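Enquirer: Next comes the sequence, and after it the predicted model I'd like to discuss.
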Amino acid sequence: MSQTILIVEDEAELAALVADYARAAGYTARVIGDGRAALAAIRDEPPALVVLDLMLPGMDGLALCRALRARSALPVIMVTARVEEIDRLLGLEAGADDYLCKPFSPRELMARIKAILRRAGGTASAPAPAAVLLVDEAARRVLVHGQPLDLTPSEFAILAALARRPGQVFSRAQLLDCARADSLDATDRAIDSHVKNLRRKIDAAAPGLDAIRSIYGLGYRYDL
């Protein structure tokens, strides 16, 4: 059975061209032109690899890549017309395995797909391991290795906000707004203290689990 390549690209002609090359190379090709629709499709039926455009309707490529990385190690090749160095770095920071700037050679793209899937050893579409840390907002609880974590209302609100958008940097002011909506004890000066307590509790339950990263001069980011 051939491996499936999902092409997430809203330029119809380019998507069709890449799909033709993928099929000629022996892969099954699927094309989706909307970021949110692609995320839903990947959750339902994970492909072997995703060719991902940066600029998409519904959800942009960076946000989609971060959402995928929060749940799996599915290989991603990002393609974009943006050639600035910062865009290249952002794409890789979001978790892309490789990066191609438009216009690109479809043959080069196929070569990179083949190399990435060969390194993956044919296990690229295997399901990800169960999450070590799970934030269940409906039940208002946090589980670490399946065990509940005892959090204050402010701590839960901050962690839930961060986990809702993995990879996004939140300023202290943004986290303060989240905490205030859930508790009266939140102040601007208290955000660092709440994050410190969160890290201590998470580390006690799962030593070495660096779920909340400090971003110098900006704030905090959830990296699981």
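Expert: On my side now, so go ahead.
Enquirer: With residue 135 as the reference, measure out to residue 199.
Expert: Per CB to CB, to the nearest Å, residue 199 is found 15 Å from residue 135. All C-beta atoms are positioned from the backbone trio N, CA, C, and that covers glycine.
Enquirer: neighbour count winner among the two?
Expert: Ranked by neighbour count (other CB atoms under 10 Å), residue 199 and residue 135 place residue 135 first, with 22 against 16.
Enquirer: Pretty sure the more buried one sits against residue 158.
Expert: No - the criterion here is CB atoms under 8 Å, and residue 135 misses it with residue 158 at 10.8 Å.
Enquirer: hey, which helix or strand in the chain has the poorest pLDDT?
Expert: Lowest by mean pLDDT, DSSP states H and E among the helices and strands of the chain is helix 85-93, with a mean of 61.
Enquirer: Next SSE downstream of that helix?
Expert: Using DSSP states H and E, the helix or strand that follows helix 85-93 in sequence is strand 98-101.
Enquirer: For the residue sitting nearest the centre point of the chain, which non-adjacent residue is spatially closest?
Expert: For the chain, the residue nearest the mean C-alpha position is residue 66 (1.7 Å; CA atoms, centre = their mean). In this structure, residue 66 finds its nearest non-sequential neighbour in residue 167, 3.6 Å apart by CB to CB, 6 or more residues apart in numbering.
Enquirer: For the closest residue to residue 96 other than its chain neighbours, give me its contacts.
Expert: Computed as CB to CB, 6+ apart, the closest residue to residue 96 that is not its neighbour in sequence is residue 78, at 4.1 Å. Residue 78 makes contact with 52-54, 61, 65, 91, 94, 96, 98-100, according to CB atoms under 8 Å, 6 or more residues apart in numbering.
Enquirer: Now with 6 Å, please.
Expert: Listed by CB atoms under 6 Å, 6 or more residues apart in numbering, the contact partners of residue 78 are 52, 61, 91, 96, 99.
Enquirer: which of those are buried?
Expert: 52, 61, 91, 96, 99 (16 or more other CB atoms under 10 Å).
Enquirer: gap between the fourth one and residue 37?
Expert: For residue 96, the distance to residue 37 equals 20 Å [CB to CB].
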